[in-house]
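Enquirer: With the sequence up front, the predicted model follows.
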Amino acid sequence: MSGARVKTYISLLSALSLLLSGCSKTTEATALPETNTVAVNIHGVNYTAEPFRYVLADAKDPSNRGGGEHIGPFSGGGLTCCFTLPKRWRPGILVKVHSTHWLPKTATGELPEVEKIYTVEVPAYPNGSVGELWVLRTAEGTVELVTSNVEPGHPQWPGKVKGWPEPSLAYQRERWKLYRKHAEGNVELYRERLEHLQIYKQAHLRNGWDFDSEHDREIIKKFSGPEDPAYAEYKKNRYVEGLRRSEEKLQQLIREKP
């Protein structure tokens with residue numbers, strides 16, 4: 001091939017390369033159009049005494065889903081990801097909230113489960129800017145949505161309900177009874193251990209040694225065995241200290257009754 005033909009051939013290849021490059025750029029720009037939606041984080045807040053769980057689904061696009069966290073009574077949940085919302089608010093943005101809450105235990109120990117589906121319209125964005133999505137279970141047991149980049153305790157919080165949940169007096173006293181029962185159980189436990197150590201000393205120490213050999217090996221290295229008087233003194237001191245702390249905790253709870 002002559003030199004002229006080689007130059008012509010190279011020129012044609014260069015032109016073709018530029019043409020293909022231009023087509024490639026056009027295709028990429030077409031394949032990545034600017035989106036009008038944004039994925040936002042989700043928070044849940046429970047203003048009731050009943051445990052609560054929620055799952056969100058777009059009323060028009062079931063593949064757009066989020067949530068699923070479990071929130072305790074009078075509590076705020078964590079942060080889950082994500083739910084897609086339009087960047088600009090418009091009327092008619094509907095979200096299906098699949099809500100589950102649990103009623104108090106029955107006499108048979110069952111925990112009744114109640115499921116409901118609410119179709120809720122997303123309210124207008126504060127200042128026209130989309131924020132994170134908040135799912136609120138109100139004190140009345142209904143579900144509301146709020147878009148906000150500030151939390152419920154913030155002065156600029158746009159939701160109808162202001163502030164974080166505050167436990168009711170009835171709920172506080174219910175929890176207090178459980179804590180007191182637990183504290184009373186600890187007091188009784190250490191009293192029983194001291195009594196067993198006195199009445200069934202050798203058998204109790206052998207059982208304690210077997211337990212400590214499995215769960216507290218570093219401590220028992222200081223002793224020769226369950227018959228070691230120092231081991232008996234060690235167990236007694238632990239029980240006495242445990243009883244002292246348990247009694248203090250119980251008295252504190254009694255003083256702090258709601």
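Expert: Received the coordinates, thanks. Residues are numbered from 1 along each chain as shown.

Enquirer: low-confidence ranges in this structure?
Expert: Counting by pLDDT under 70, the chain has low-confidence residues at 1-34.

Enquirer: Tell me where it has strands.
Expert: 37-46, 52-58, 65-71, 75-86, 94-102, 113-121, 133-137, 143-147 (DSSP state E).

Enquirer: Which of these sits closest to Pro226?
Expert: strand 65-71 (45.2 Å; C-beta to C-beta). Every C-beta, even on glycine, is put in place using the N, C-alpha and C of the backbone.

Enquirer: quick one: contacts of the closest one?
Expert: 42, 44-46, 51-58, 77-78, 80-83, 133, 135, 137 (C-beta atoms under 8 Å, 6 or more residues apart in numbering).

Enquirer: Just want the angle from it to strand 52-58.
Expert: On the basis of axes from the mean of the first three to the mean of the last three C-alpha atoms, to 10 degrees, strand 65-71 is oriented at 170 degrees to strand 52-58.

Enquirer: which parts of strand 65-71 are buried?
Expert: The neighbour-count check on strand 65-71 (16 or more other C-beta atoms under 10 Å) flags Arg65, Gly66, Gly67, Glu69, Ile71 as buried.

Enquirer: Not counting residues beside it along the chain, what's closest to the second one?
Expert: Which is Gly66. In space, and not counting its chain neighbours, Gly66 is closest to Phe83: 3.8 Å by C-beta to C-beta, 6 or more residues apart in numbering.

Enquirer: the helices in the stretch 151-258 of the chain, which residues?
Expert: 169-199, 201-215, 217-220, 229-255 (DSSP state H, counting those that start in this stretch).

Enquirer: Packing partners of the second one?
Expert: What that stands for is helix 201-215. helix 169-199, helix 217-220, helix 229-255 (3 or more C-beta pairs under 8 Å, 6 or more residues apart in numbering; DSSP states H and E).

Enquirer: want to try TSV for the ones you listed, with distance to Val114 and mean neighbour count as columns?
Expert: Conversion of the helices and strands packed on helix 201-215 to TSV gives the following (distance: least, C-beta to C-beta, whole Å; neighbours: other C-beta atoms under 10 Å):
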stretch	distance to Val114	mean neighbour count
helix 169-199	18	14
helix 217-220	49	12
helix 229-255	32	14
